[in-house]
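# Give me a model of this one.
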Amino acid sequence: MTAEQIAIEEPEIDPVDAALALYHGDARATIAAALEMLQFVRGQLALTEAAMSQGFGRGFRPAYEPE
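As a prediction, the model looks like this:
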């Protein structure tokens with residue numbers, strides 16, 4: 001048997017369906033949780049930006065919004 005024969009296909013999981021399943025299909029709760037996590041990640045990004053030197057990132061500055 002080769003590795004190709006043993007490979008097991010994993011089903012693709014839709015991230016939107018997975019997020020909704022976490023909150024039992026409640027779209028408002030799912031969006032609220034996503035927004036809360038977004039605020040947390042933005043806070044972490046701000047802390048990281050304040051802590052890292054310009055030389056460390058070789059001029060890289062994180063963006064808070066997609067370009």
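# Quick check: next helix or strand after the lowest-mean-pLDDT helix or strand in the chain?
Lowest mean confidence among the helices and strands of the chain (mean pLDDT, DSSP states H and E): helix 3-6, at a mean of 62. Next along the chain after helix 3-6, taking DSSP states H and E as the criterion, comes helix 15-22.
# The next helix or strand after that next one relative to helix 15-22, how many degrees between them?
Remark: after helix 15-22, the chain's next helix or strand is helix 27-51, criterion DSSP H and E. Inter-element angle recorded for helix 27-51 and helix 15-22: 110 degrees (by axes from the mean of the first three to the mean of the last three CA atoms, to 10 degrees).
# Does helix 27-51 pack against any helices or strands, and if so which?
Applying 3 or more CB pairs under 8 Å, 6 or more residues apart in numbering; DSSP states H and E, one finds that helix 27-51 contacts helix 15-22. Heads up, the C-betas are built off the backbone N, CA and C, glycines and all.
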